[in-house]
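[1] Quick one: sequence and predicted model below, then my questions.
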Amino acid sequence: MIGLEVVAVLVAYLGFGWPVLLVGVPALVGTALVLLAVRLSEQPRKRLAAARAARYAEPPLSGGLMSGFYEVPVQRSEESHRARA
(Lines give C-alpha, C1' and ligand atoms only; values in the text may rest on other atoms or scores of the structure.)
Protein backbone atom coordinates (compact mmCIF):
# COMPACT_ATOMS: atom_id res chain seq x y z
CA MET A 1 0.00 0.00 0.00
CA ILE A 2 2.71 2.43 0.92
CA GLY A 3 4.98 1.02 -1.79
CA LEU A 4 3.06 2.75 -4.58
CA GLU A 5 3.38 6.04 -2.74
CA VAL A 6 7.15 5.56 -2.40
CA VAL A 7 7.43 4.81 -6.12
CA ALA A 8 5.35 7.90 -6.96
CA VAL A 9 7.60 10.11 -4.83
CA LEU A 10 10.73 8.61 -6.42
CA VAL A 11 9.41 9.16 -9.95
CA ALA A 12 8.39 12.72 -9.08
CA TYR A 13 11.83 13.30 -7.54
CA LEU A 14 13.54 12.09 -10.71
CA GLY A 15 11.30 14.30 -12.84
CA PHE A 16 11.12 17.49 -10.77
CA GLY A 17 14.04 17.39 -8.33
CA TRP A 18 14.38 17.96 -4.61
CA PRO A 19 11.36 20.31 -4.10
CA VAL A 20 9.10 17.28 -4.49
CA LEU A 21 10.53 15.91 -1.25
CA LEU A 22 9.05 18.87 0.67
CA VAL A 23 5.60 17.43 -0.02
CA GLY A 24 6.41 13.77 -0.63
CA VAL A 25 8.24 12.92 2.59
CA PRO A 26 5.57 14.39 4.92
CA ALA A 27 2.93 12.56 2.87
CA LEU A 28 4.83 9.29 3.34
CA VAL A 29 5.17 9.88 7.08
CA GLY A 30 1.47 10.78 7.33
CA THR A 31 0.45 7.63 5.48
CA ALA A 32 2.65 5.49 7.72
CA LEU A 33 1.13 7.09 10.83
CA VAL A 34 -2.43 6.55 9.59
CA LEU A 35 -1.71 2.90 8.76
CA LEU A 36 -0.15 2.41 12.20
CA ALA A 37 -3.14 4.01 13.93
CA VAL A 38 -5.59 1.84 11.99
CA ARG A 39 -3.66 -1.31 12.79
CA LEU A 40 -3.50 -0.44 16.49
CA SER A 41 -7.21 0.40 16.63
CA GLU A 42 -8.19 -2.86 14.92
CA GLN A 43 -6.59 -5.09 17.54
CA PRO A 44 -9.04 -4.22 20.37
CA ARG A 45 -11.98 -4.54 17.95
CA LYS A 46 -10.86 -8.03 16.93
CA ARG A 47 -10.48 -9.06 20.58
CA LEU A 48 -13.95 -7.72 21.35
CA ALA A 49 -15.46 -9.60 18.40
CA ALA A 50 -13.73 -12.81 19.50
CA ALA A 51 -14.98 -12.37 23.07
CA ARG A 52 -18.54 -11.77 21.86
CA ALA A 53 -18.37 -14.81 19.57
CA ALA A 54 -17.15 -16.98 22.44
CA ARG A 55 -19.95 -15.77 24.70
CA TYR A 56 -22.74 -17.25 22.58
CA ALA A 57 -23.15 -20.85 21.43
CA GLU A 58 -24.73 -19.74 18.15
CA PRO A 59 -23.56 -16.81 16.06
CA PRO A 60 -25.88 -13.81 16.16
CA LEU A 61 -28.45 -13.55 13.40
CA SER A 62 -27.68 -11.10 10.67
CA GLY A 63 -30.06 -8.26 10.08
CA GLY A 64 -31.82 -6.04 12.50
CA LEU A 65 -34.73 -3.69 12.74
CA MET A 66 -34.62 -2.75 9.05
CA SER A 67 -33.55 -6.13 7.65
CA GLY A 68 -35.50 -6.96 4.53
CA PHE A 69 -36.71 -3.40 4.08
CA TYR A 70 -34.49 -2.78 1.09
CA GLU A 71 -35.00 -6.13 -0.65
CA VAL A 72 -35.59 -5.87 -4.38
CA PRO A 73 -39.06 -7.12 -5.32
CA VAL A 74 -39.29 -10.18 -7.53
CA GLN A 75 -39.69 -9.34 -11.20
CA ARG A 76 -42.82 -10.62 -12.91
CA SER A 77 -42.31 -13.01 -15.76
CA GLU A 78 -43.31 -12.08 -19.31
CA GLU A 79 -46.10 -14.67 -19.33
CA SER A 80 -47.89 -13.26 -16.30
CA HIS A 81 -47.53 -9.77 -17.76
CA ARG A 82 -49.11 -10.86 -21.05
CA ALA A 83 -51.93 -12.65 -19.25
CA ARG A 84 -52.99 -9.38 -17.59
CA ALA A 85 -53.00 -7.46 -20.88
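    Perfect, thanks for sending it.

[2] tell me which element the most centrally placed residue in the chain falls in.
    Centroid-nearest residue in the chain: residue 38, 11.6 Å away (criterion: C-alpha atoms, centre = their mean). For residue 38, the host element (DSSP states H and E) is helix 19-55.

[3] Output the contacting helices and strands for that helix.
    helix 2-16 (3 or more C-beta pairs under 8 Å, 6 or more residues apart in numbering; DSSP states H and E). C-beta: built from backbone N, CA, C; applies to glycine.

[4] gap between the helix it packs on and the chain center?
    25 Å (C-alpha atoms, centre = their mean, to the nearest Å).

[5] Buried residues, it. List them.
    residue 9 (16 or more other C-beta atoms under 10 Å).

[6] Which strands and helices lie in contact with that helix?
    Against helix 2-16 (3+ C-beta pairs under 8 Å, 6+ apart) you get helix 19-55.

[7] what angle do the helix it packs on and helix 2-16 make?
    If you take axes from the mean of the first three to the mean of the last three C-alpha atoms, to 10 degrees, helix 19-55 sits at 170 degrees to helix 2-16.

[8] Name the residues of helix 19-55 that are buried.
    20, 24, 28.

[9] ok, for the second one, nearest residue in space, not its chain neighbours?
    Spelled out, that is residue 24. The shortest distance from residue 24 to any non-neighbouring residue, by C-beta to C-beta, 6 or more residues apart in numbering, is to residue 9 (3.7 Å).
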